[in-house]
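**Q** need a 3D model of the following:
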Amino acid sequence: MKYIILLGDGMADYPIPELNNQTPLQAAQTRWMDTIARRGTLGMVQTIPAGLVPGRDIANLNILGYDPTRYLTGRAVYEAASSGVKLDFHDVAFRCNLVTLKETDGSTIMEDYSAGHITTPEGSAIISELDRKLGSDTIRFYPGISYRHLMVWKSGSVDIETTPPHDISGQNVSPYLPQGDESMKIRHLMTDARGILAESLTNKGRIAAAKPPANAIWLWGQGRPINLPSFRDKYFLTGSVISAVDLIKGIGISAGLTSVTVPGATGYLDTNYLGKAEYALKELKDKDFVFLHVEAPDEASHSGDLKSKIQAIEDFDTKVVRTVLEGIEQFGEYKVMVLPDHRTPISKKTHTSEPVPFAFLSSSTAAAEKQDATSSFNEQAAEQTGLCVKEGFRLIDLFIND
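**A** Residues are numbered from 1 along each chain as shown. Predicted coordinates for the structure are as follows:
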């Protein structure tokens, strides 16, 4: 039996007036996800436990079968695993976003949480410069992808309150600066970085090209190392993870999955959707399980770009889901699941905690149409089934064992 999870990050949403009060999933053309919903099992899953801040780390741990109330640490720890950065037990890893801040009427505004989706070479050059000028025996900066990078604080403090920059787009950042024990260390780093970035040749080039400069860093998502039980030991399955996002790759690596790099996988609307699906099918020739993650719908949601979100959902459906459904029959027995990890409503531009739809299909039911042939893959249809997995980490057991 072969298993594959196809995850469209942040696809779920709220009804939107411009769409006649439909959600983007309802409005988009999703023939292939609808096929899974009609011929398989459709329901809702609570991927964000009550009391936890909705985040990609929590949701994806849940979906892979790891109870986040037991295995939650700062997302930067998993990104360090993806980047090959070794952490000692007392080290604290921070996510280091390159962002664009703007001074307006005496306030400092989070103008762009991604510095205009700065390119990886540009971002790496900036982080390398910061490490040369701000790095020390206790502080190191490590380059990642695009705007997503790492800072490691040797024997640092985790007792600091931080805020994801994408949660405060367009807002005054002052109330959201790091708070708590030893937070001034982090604040000083952020302040010192602004002076260095103001003189950065990379930023001067971006400004000359009318692109947002990476004129600040934003430190958040901190945590200490944690050991995840192996996915193979839990489910007796070998597996791989395919994503352009270090956090997702790092969770997979921490669980013992093989991280697969797909050329042209960017995490945005221009990502290599088809390549991801083709690489997933290739991995299934030697592995039992693949977790395939596509970031684009979430990025469009954080930007409040409805048109791009619908495009991302439709591209995910036609280029990823269709390719997998048409190619997976070569393996005989298989199961395919499709879902978002959390909701990222266009109106909120950030993650929320409500349940999300899921659907899975097995080779034994793939050819059968259920009596309700009108079923489709969206929030409303999934709610109407009455099936809701209230503990998200149990969904994978239902998927594998049903």
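**Q** can you tell me how far the residue nearest to residue 230 when sequence neighbours are not counted sits from residue 331?
**A** Leaving aside its sequence neighbours, residue 230 sits nearest to residue 256 (C-beta to C-beta, 6 or more residues apart in numbering; 4.1 Å). Using the backbone N, CA and C atoms, a C-beta is placed for each residue, glycine as well. For residue 256, the distance to residue 331 (C-beta to C-beta, to the nearest Å) stands at 22 Å.
**Q** please apply the same query to residue 127.
**A** Noted for residue 127: a distance of 41 Å to residue 331, by C-beta to C-beta.
**Q** comparing these two, which residue is more hemmed in?
**A** Each of residue 127 and residue 331 has its neighbours counted (other C-beta atoms under 10 Å); residue 127 has more, 21 against 14.
**Q** can you report how many residues lie near the residue lying closest to residue 376 once chain neighbours are set aside?
**A** In this structure, residue 376 finds its nearest non-sequential neighbour in residue 34, 4.3 Å apart by C-beta to C-beta, 6+ apart. Residues near residue 34, counting by other C-beta under 10 Å, number 21.
**Q** and for the one 3 residues further on?
**A** When counting by other C-beta under 10 Å, one arrives at 27 neighbours for residue 37.
**Q** same check on residue 208?
**A** Residue 208 has 8 nearby residues by other C-beta under 10 Å.
**Q** over to the one 3 residues further on?
**A** As a burial measure, residue 211 scores 17 neighbours (other C-beta under 10 Å).
**Q** from here on, count from 372
**A** Okay, using 372 as the starting number, the last item reads as residue 582.
**Q** which pLDDT value belongs to residue 646?
**A** Looking at residue 646, its pLDDT stands at 97.
**Q** helices along the stretch 372-521 of the chain, start to end?
**A** 395-398, 402-410, 427-434, 439-442, 446-454, 491-505 (DSSP state H, counting those that start in this stretch).
**Q** pull the residues that contact the fifth one.
**A** If you take C-beta atoms under 8 Å, 6 or more residues apart in numbering as the criterion, helix 446-454 is touched by 426-428, 457-458, 464-466, 513, 515, 519, 521-523, 592-597, 617-618, 620-622, 624-625, 630.
**Q** wait, doesn't residue 527 sit right on residue 509?
**A** Yes - using C-beta atoms under 8 Å, residue 527 is in contact with residue 509, at 7.4 Å.
**Q** okay, those two: which has more neighbours?
**A** The neighbour count for residue 527 versus residue 509, taken as other C-beta under 10 Å, is higher for residue 527 (21 against 12).
**Q** wait, what's in contact with the closest residue to that one other than its chain neighbours?
**A** In space, residue 527 comes closest to residue 463 once its chain neighbours are excluded; the distance is 3.8 Å by C-beta to C-beta, 6+ apart. Counting by C-beta under 8 Å, 6+ apart, residue 463 makes contact with 445, 523, 524, 527, 528, 529, 593, 594, 595.
**Q** what about 10 Å?
**A** Residues counted as contacts of residue 463 (C-beta atoms under 10 Å, 6 or more residues apart in numbering) are 444-445, 447-448, 522-531, 553, 593-596.
**Q** likewise residue 708?
**A** By C-beta under 10 Å, 6+ apart, residue 708 lies in contact with 374-378, 407, 411-412, 434, 662, 729-733, 766-767, 769-771.
**Q** go again using 6 Å as the cut-off
**A** The contact partners of residue 708, by C-beta atoms under 6 Å, 6 or more residues apart in numbering, come to 376, 731, 770.
**Q** go on, residue 467?
**A** Contacts here follow C-beta under 6 Å, 6+ apart; on that basis residue 467 touches 520, 521, 522, 588, 590.
**Q** again with residue 524
**A** 463, 510.
**Q** which pLDDT value belongs to residue 746?
**A** For residue 746, pLDDT reads 80.
**Q** how long is stretch 705-719 from one end to the other?
**A** Start and end residues of stretch 705-719 are separated by 37 Å (C-alpha to C-alpha, to the nearest Å).
**Q** same check, this time on stretch 415-424
**A** Using C-alpha to C-alpha, the end-to-end distance of stretch 415-424 comes to 19 Å.
**Q** closest to residue 563 among the contacts of residue 708?
**A** residue 376 (42.0 Å; C-beta to C-beta).
**Q** rewinding a little: now the helices of the stretch 372-521 of the chain in CSV, with mean pLDDT and distance to residue 646?
**A** Converted to CSV, the helices of the stretch 372-521 of the chain look like this (pLDDT from 0 to 100; distance: least, C-beta to C-beta, whole Å):
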stretch, mean pLDDT, distance to residue 646
helix 395-398, 98, 24
helix 402-410, 96, 17
helix 427-434, 96, 21
helix 439-442, 92, 30
helix 446-454, 92, 19
helix 491-505, 97, 17
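**Q** make a markdown table from these and add distance to residue 473 to it.
**A** As requested, the helices of the stretch 372-521 of the chain are arranged in a markdown table below (distance: least, C-beta to C-beta, whole Å):
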| stretch | distance to residue 473 |
| --- | --- |
| helix 395-398 | 29 |
| helix 402-410 | 39 |
| helix 427-434 | 26 |
| helix 439-442 | 34 |
| helix 446-454 | 26 |
| helix 491-505 | 18 |
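**Q** for those helices, which one sits closest to residue 762?
**A** Nearest to residue 762, of the helices of the stretch 372-521 of the chain and by C-beta to C-beta, is helix 427-434 at 8.1 Å.
**Q** which residues are in contact with the closest one?
**A** 418, 419, 423, 439, 442, 446, 618, 622, 712, 713, 763, 764.
**Q** ok, so of those, who is nearest residue 478?
**A** Comparing the contacts of helix 427-434 against residue 478 with C-beta to C-beta places residue 446 closest, at 27.6 Å.
**Q** pull the contacting residues for residue 530.
**A** 551, 552.
**Q** please tell me how far it sits from residue 553.
**A** 7 Å.
**Q** which neighbours do those two share?
**A** With C-beta under 6 Å, 6+ apart, residue 530 and residue 553 have no common neighbours.
**Q** of the contacts of residue 467 - the most surrounded one?
**A** In these, the most neighbours by other C-beta under 10 Å go to residue 588, 31 neighbours.
**Q** secondary structure class of the closest residue to it other than its chain neighbours, three-state.
**A** Nearest residue to residue 588, sequence neighbours excluded (C-beta to C-beta, 6+ apart): residue 564, at 4.5 Å. Three-state call for residue 564 (DSSP: H, G, I helix; E, B strand; the rest coil): helix.
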